[in-house]
Structure formats: C-alpha cells, structure tokens
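Chemist: Requesting a structural model of the entry that follows:
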Amino acid sequence: MRSGIQKKINLFLSFLLPLIFLACSDMQNQTSLERAYDDNGMPLFQVDPFWPKTLPNNWSNQQAISIFVDKDDHIWWMNRDNSARGDEIGAEFDPPRQLCCIRGPAVIEMDQEGNVLRSWGGSDHHPLFPQGGLQTIIVDDEDFVWIAGTSAQSSITKWTKDGEFVWDFGRRPTDPDWEENNQQTDILSNKGRFQLDNDAREIYIIQQKRVLVYDMDSGDYKRGWGGHGMPLSEVSNVPLAPYVFDGINLPPEEVQFAPALHFIEISNDGLVYVGERGQNRMGVYQKDGTWVEDIYVGAEITPGERNRRPWPPEYENSETGIIECGSLRGDTLVPPCGTMYKLALSKDPEQKYAYIGDGTNNVVWIVDRLSGETLGHFGRNGRYAGEFHWLNAIATDSDGNIYTGEVETGKRIQKFLPVLK
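Modeler: Numbers count the residues shown, from 1 in each chain. The predicted model follows:
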C-alpha cells in the first residue's frame, strides 16, 4: 500500500519539479532582461494598446494638453473639458441624445495601470480655476498641484491633491487696452507655460521672448532673461522675421528667443531647457540665465513657427516664397510649424535622454541630453495605437515608461513601454 502511494508521489514530483525549474528560470530571465536599442543607440519603445482603462462615469476623453508624473508614479493630466464637441457629449442633453458621453473633469489622476484615482476641476470648480486655455499641470514635492491656463485672466494656481484652493500667483491685467512688452514683469498676459524648481522654491515662466523667475511662495519677481542670456532691456518687442523654408537648411541664426516658447524643464544637474518652436531648437541655460548651447531637432525638415503670423509689416506683402503655418484654432488646411512642443527628461540619475514631443511631425524625438545628438524618433501621424495627431504632452515615470497626450481632434493619452531583450 505504502509503495503504491510512494509511486504516485514520485510520479507527481517528476512532473512538478521540471515546472518549478522552468518557472524559476523564467523569473531569472525576466529579471536579467536588458533594454533594447537600435543601431544608432536609441532606446526602443512599444505602445501599450490596452492603456488606459475606459474612463468612468460616461466621461469623454478631451484634449490632453499636459501630463505630469509625480513622485509616486501617478499620472496627472489635464482634460480640456471646454474642447468637447456636441457630437461627443450627447449624453449631457436633456433628455440625453446619445448613450455616451458627458465631458469629464479637467484634472485626472491615474495609477500606472490606468485606473482613475482622483478627479476634479472645470469651469465651475472655483472662481480662480483657469477658465480658458488650460495648459500646464505640475505636482510639487509637497504634493500640491499647480495649474495654469493661457488666457489673460487665467493665472498659475496652487491646489491640494483633492482640489482645494491654496494660492494664486495673480498678475492679471485689469486694463482691456493694456499692451504687453518683454520688459514688464508685474503684469503678464500669458502665464500658462511654467516650471517649478522645488529646491530653490522658484517658478519659471516662459512668455513672449523671455524667461521670468519668481519666488514660489511669495510670487515676488527675482530675475529674467532673453535669448542667449540677454538682459530683458535688450529683448525686442517686434515679431521675428519669417524665412524661406527649403527643407535642407537650418533656420537663419537668431539670438532672440523665437516664439512660441513651448516648454521649460530643469534637469537634476541644474540646466534649464527652453523649447523654441519658432527656431526648432532647445536652448540650454544655467539657472542665472547664462547661455550654454542650442540644440536643433528636426530643424532642416520642418519649418519653424516664426513663419506664423503676425509678421513684421515689411513682410506682409512679401512674394519671396515664405510659407505660412497652420494652427490649432485657425488654419488646418496647411500643416503646423515647429518641432518643440513638450519635453520630458528620462528618470535615470543622469537623465541621459531628452524626449521631445513634436506635434507637427507627430513623433517623439529621442536626444542624448549631454551630447545634444538626435538619436532618432518613434511614432507617426495617424490614429492607430502608437501613432499621434497633434502630440502636445509628454512625461516619464521611474520605470522608464513614456506617457503622451494629444490635442486638436487627437484627444487621447497613450503609454509606451521600454522594449526589452
């Protein structure tokens, strides 16, 4: 009897032990996997077609203008509720005219699996919540959420993670006839694109042809600079001249900042990166405004946004072959211009890679941050998973994943995973 039981045990173990061995080997292989690179040294990524989860509560996914990953690897993004079209929110009508959807909240927090954790915000959330042109969301090291819009009466505002109002930067214009210049620092028309320096407790704002730095707690002005580190007194208030794009050469050299200034990021080693869509370049500066270098990306193959009107008066009737640029709110019969939409730095200690979201070519450029070499890109113009339409937001998490957001009629967020081998 015992020998029969023993035989069964031995038979069972003969099947079980190889399975355990294979499982352990597989786990060891997974932990030893390395990142895959192409022949040019560019890290490879693949889209997760099942991310994120469907939004709850019948919410529609609107223009994803800004994405930020906090210290807990939670993904915060701005859902431009005022960009909803009637055919997307038919369930809002009384009575409802469609099964789905209603416009969702403006601020959404997700985990890495794509589940909604928190949501709040919108035009009726608070009198100081940005009422138009939602642009930037950042979570600071103390877990406060900072939000800004681009309209003149919107400003940089500070909130708790649950959406309770904390602080307002202000500096809104009160005179409807007021005209802004690059020298004034007490009143600003557009405060939508900003960055925080948590260590120095400073707010960096990019606007017109300048970088402005304010105290993060009091809002007091501290310093500012123009292109290549020039003092604000030397920054021109005249629009830059357009240029003839030939698809071969870089834009004409320009020491002034070339609007639109579309992103500002600060690296761990204290460098400030300013994206100039007008020149297809990323200006690199020290925190005091000292110019370090310019990094051009896609500049030969894409016209810079300095060709977007308004132009200086002497160019208005030009017949020199200057092309015009399409825009999000205007002419979409021609392509937009510029490659510098948003920047995310990789989360490794050295921040080796700069990931540049380009909403004109609808790709993510990958640049070696220290050498400035463009290693390549991924994505293309399209609507399938892994493609983009008006890519305008990008962020990274500590696991090396990249998150992107699209505006215009793209209206979605996507997640890209590192390819392993």
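
Chemist: do you know how far Trp146 is from Val166?
Modeler: Counting by C-beta to C-beta, to the nearest Å, the gap between Trp146 and Val166 amounts to 9 Å. (C-beta placed from N, C-alpha, C; glycine too.)

Chemist: joint contacts of these two?
Modeler: Common neighbours of Trp146 and Val166 are listed as Lys158, Trp159 (criterion: C-beta atoms under 8 Å, 6 or more residues apart in numbering).

Chemist: Need phi/psi at Gln207.
Modeler: phi -160, psi 130 (degrees, to the nearest 10).

Chemist: wait, what's in contact with it?
Modeler: Here Gln207 is in contact with Leu188, Ser189, Asn190, Lys191, Arg193, Leu261 (C-beta under 8 Å, 6+ apart).

Chemist: Who are the contact partners of the third one?
Modeler: What it means is Asn190. Thr150, Ser151, Ala152, Gln207, Gln208.

Chemist: quick one: low-confidence parts of the stretch 1-150 of the chain?
Modeler: For the stretch 1-150 of the chain, the stretches with pLDDT under 70 are 1-32.

Chemist: Give me the domain ranges for the chain.
Modeler: 1-32, 35-418 (automatic domain parsing).

Chemist: okay, these, which one's buried deepest?
Modeler: Comparing these by mean neighbour count (mean count of other C-beta atoms under 10 Å), domain 35-418 comes out on top with a mean of 18.

Chemist: Just the endpoints, please. Distance across that one?
Modeler: End-to-end distance of domain 35-418: 7 Å, with C-alpha to C-alpha, to the nearest Å as the criterion.

Chemist: Repeat that for stretch 324-342.
Modeler: End to end - C-alpha to C-alpha - stretch 324-342 spans 22 Å.

Chemist: my read is Trp77 is in a strand, agree?
Modeler: Yes. Judged by DSSP: H, G, I helix; E, B strand; the rest coil, Trp77 forms part of a strand.

Chemist: What segments of the protein are helices?
Modeler: 2-31 (DSSP state H).

Chemist: where do the strands sit along the stretch 201-350 of the chain?
Modeler: For the stretch 201-350 of the chain, strands defined by DSSP state E, counting those that start in this stretch occupy the ranges 202-207, 210-215, 221-225, 261-266, 271-276, 281-286, 291-296, 342-345.

Chemist: can I get the ones you listed in a markdown table with mean pLDDT and distance to Phe378?
Modeler: Output for the strands of the stretch 201-350 of the chain, formatted as a markdown table (pLDDT from 0 to 100; distance: least, C-beta to C-beta, whole Å):
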| stretch | mean pLDDT | distance to Phe378 |
| --- | --- | --- |
| strand 202-207 | 98 | 26 |
| strand 210-215 | 99 | 30 |
| strand 221-225 | 99 | 34 |
| strand 261-266 | 99 | 19 |
| strand 271-276 | 99 | 19 |
| strand 281-286 | 99 | 18 |
| strand 291-296 | 99 | 19 |
| strand 342-345 | 99 | 14 |
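
Chemist: Quick one: closest of those to Gln63.
Modeler: Among the strands of the stretch 201-350 of the chain, strand 342-345 comes nearest to Gln63, with 13.4 Å by C-beta to C-beta.

Chemist: Which secondary structure elements does that closest one sit against?
Modeler: Here strand 342-345 touches strand 261-266, strand 271-276, strand 353-358, strand 391-396, going by 3 or more C-beta pairs under 8 Å, 6 or more residues apart in numbering; DSSP states H and E.

Chemist: now do 10 Å
Modeler: Using 3 or more C-beta pairs under 10 Å, 6 or more residues apart in numbering; DSSP states H and E, the elements in contact with strand 342-345 are strand 63-69, strand 261-266, strand 271-276, strand 353-358, strand 363-368, strand 391-396, strand 402-406.

Chemist: Using TSV, please lay out those strands together with distance to Gly114.
Modeler: Below are the helices and strands packed on strand 342-345 laid out as TSV (distance: least, C-beta to C-beta, whole Å):
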stretch	distance to Gly114
strand 63-69	13
strand 261-266	25
strand 271-276	28
strand 353-358	19
strand 363-368	19
strand 391-396	14
strand 402-406	10
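
Chemist: Minimum distance to Arg223: which of those has it?
Modeler: strand 271-276 (11.7 Å).

Chemist: Run the chain-centre distance for that closest one.
Modeler: How far strand 271-276 lies from its chain's middle: 13 Å, per C-alpha atoms, centre = their mean, to the nearest Å.

Chemist: Sheet-wise, list the partners of it with their directions.
Modeler: Sheet pairing for strand 271-276, assigned by DSSP bridges, gives strand 261-266 (antiparallel), strand 281-286 (antiparallel).

Chemist: In TSV: the ones you listed, plus distance to Leu417.
Modeler: Formatted as TSV, these follow (distance: least, C-beta to C-beta, whole Å):
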stretch	distance to Leu417
strand 261-266	22
strand 281-286	25
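
Chemist: Could I get the contacting residues of Ile205?
Modeler: The contact partners of Ile205, taken as C-beta atoms under 10 Å, 6 or more residues apart in numbering, are 148, 156, 169, 171, 185, 188, 190-195, 211-214, 224, 261, 264.

Chemist: hang on, Trp291 packs against Tyr285?
Modeler: Yes. The pair Trp291 and Tyr285 qualifies as a contact (C-beta atoms under 10 Å) at a distance of 5.8 Å.
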